[in-house]
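> any chance you can model this:
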Amino acid sequence: MQHTLKSPLRFTGVGLHSGQPVQMVIRPAAAEHGIWFRRSDIRFGDVMIPARWDCVHQSPLCTLLENAAGVTVSTVEHVMAALAGCGVHNALIELDGPEVPILDGSSAVFVRAILSRGVRAQAVPVRAIRVLEPVEVQRGEAWARLTPSDVLSIDFTIKFDDSAIGTQSKVLTMSNGTFVRELCDSRTFCRQSDVDVMRAKGLALGGTLENAVVVDGDRILSPGGLRHSDEAVRHKMLDALGDLYLAGAPLVGAYTGHRAGHALTNDLLRALFARRCAYEMVVCDPAMTARLPGVDVHMDEIPAVA
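Numbers count the residues shown, from 1 in each chain. Next up, the predicted model:
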């Protein structure tokens, strides 16, 4: 069955890039509604933005959605990952600004709120997008691939010159609460040199050592250090799950990303949907539903460090 929230969830924080305060409410929605964003600060015109791959305005720094009227909302990947990882299929996300609040730089705050309040089953079966044929995209040394599988899995590799990050790889199957246990608390990360460049351009004004892991060579500058020794690759997997949920339904297939980012994952979804023979929409039977992310997850699965 599809699921939505039992009651609205409210969050207050700042936008990562603007540094401006923003209030966000995730509201329950009817079955078949899907995930939509609504800009409550805009009084006239079309303020509804679907959380969908073909509404992505590609950006190297975050995932930004834009509707036909030019209304945007950015940094949606962390809340989308939380909804995917907690098995929420229908929700309306209202914001009084152009960015989802960055909070602690991970999905943990969203996940804790969703699981503490609970989700409600809806008497409509879940439809999923099943990958039937391999699809691959590439940009320079970075590439991403989807291949057929009975369950969503994420295989990710990153490579950075800074020895505090270096080369990291991880493979996880996204069923049985794996996202909540293994990924939801992993924070966004960046190099101090990148922070300096972004701020000189008026970006990342809301970024702090409290909501991002900042590295400089072999040093971790953020207080308290890392939550996981491989927190960087775990966060890239978190981002990938959120970006893949923009398919418009749970995805059933194996995702592999090598130095991939938001734009490349969106390229991959565009390539998938451009090939009608490469996927099919299926009504999930009980066995398939049980393998989807977010089934039967519980509060005690959230890592204690988050």
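
> C-alpha only now, for contacts and for neighbours.
Will do.

> and G225, that's in a helix?
No - secondary structure of G225 (DSSP: H, G, I helix; E, B strand; the rest coil): coil, not part of a helix.

> enumerate every residue touching it.
Taking CA atoms under 8 Å, 6 or more residues apart in numbering, we find G225 in contact with V213.

> need the phi and psi values for it.
Note on G225: its backbone torsions stand at phi 70, psi -150 [degrees, to the nearest 10].

> got the buried residues for stretch 173-190?
With burial defined by 16 or more other CA atoms under 10 Å, the residues of stretch 173-190 counted as buried are 173-189.

> meant to ask about stretch 110-128
Buried residues in stretch 110-128, counted by 16+ other CA under 10 Å: 110-115, 119, 122, 125-128.

> any idea how far that stretch is from the chain center?
The chain centre lies 16 Å from the centre of stretch 110-128; the measure is CA atoms, centre = their mean, to the nearest Å.

> what's the mean pLDDT across stretch 160-180?
On average, the pLDDT along stretch 160-180 is 93.

> helices of the stretch 151-300 of the chain, start to end?
Ranges of helices within the stretch 151-300 of the chain are 178, 192-200, 231-244, 262-274, 286-290, based on DSSP state H, counting those that start in this stretch.

> export those as CSV, with columns for distance to L61.
Output for those, formatted as CSV (distance: least, CA to CA, whole Å):
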stretch, distance to L61
helix 178, 26
helix 192-200, 10
helix 231-244, 11
helix 262-274, 8
helix 286-290, 33
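
> ok, which of those comes nearest G87?
helix 286-290 (10.0 Å; CA to CA).

> contacting residues around that closest one?
Applying CA under 8 Å, 6+ apart, the external contacts of helix 286-290 come out as 1, 126, 150-151, 175-176, 295.

> I'd guess S106 is in a strand, am I close?
No - according to three-state DSSP, S106 belongs to no strand; its state is coil.

> number the residues from 219 up from this point.
In the new count, where the first residue is 219, that last one comes out as S324.

> wait, it sits on D403?
Yes - the pair S324 / D403 is scored as a contact, 5.4 Å apart, by CA atoms under 8 Å.

> restrict stretch 354-365 to CA atoms and write it as PDB.
Only the C-alpha atoms of stretch 354-365 are listed here, as PDB (Å, rounded to 0.1, in the frame of the first residue of the first chain):
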ATOM      1  CA  GLU A 354      24.500   4.600 -18.600                       C
ATOM      2  CA  VAL A 355      25.600   8.200 -18.800                       C
ATOM      3  CA  GLN A 356      29.000   9.800 -18.600                       C
ATOM      4  CA  ARG A 357      30.600  13.300 -18.100                       C
ATOM      5  CA  GLY A 358      34.400  13.200 -18.300                       C
ATOM      6  CA  GLU A 359      35.700  10.700 -15.600                       C
ATOM      7  CA  ALA A 360      32.300  10.600 -13.900                       C
ATOM      8  CA  TRP A 361      29.600   8.100 -14.900                       C
ATOM      9  CA  ALA A 362      26.400   6.600 -13.600                       C
ATOM     10  CA  ARG A 363      24.500   3.400 -14.500                       C
ATOM     11  CA  LEU A 364      21.200   1.700 -13.900                       C
ATOM     12  CA  THR A 365      20.900  -2.100 -14.400                       C
END
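
> contacts for that stretch next, please.
349-353, 471-478, 482-483, 485-486, 489.

> which of the residues you listed count as buried?
349-350, 353, 471-478, 482-483, 485-486, 489.

> per-domain residue ranges of this structure.
220-340, 345-519 (automatic domain parsing).

> the shortest one: how far from the chain's middle?
Mean-position distance between domain 220-340 and its chain equals 10 Å (CA atoms, centre = their mean).

> the longest one too?
A distance of 7 Å separates the centroid of the chain from that of domain 345-519, by CA atoms, centre = their mean.

> before we move on, the earlier item: pick out the shakiest of the helices of the stretch 369-518 of the chain, pLDDT-wise.
Looking across the helices of the stretch 369-518 of the chain, the weakest by mean pLDDT turns out to be helix 410-418, at a mean of 73.
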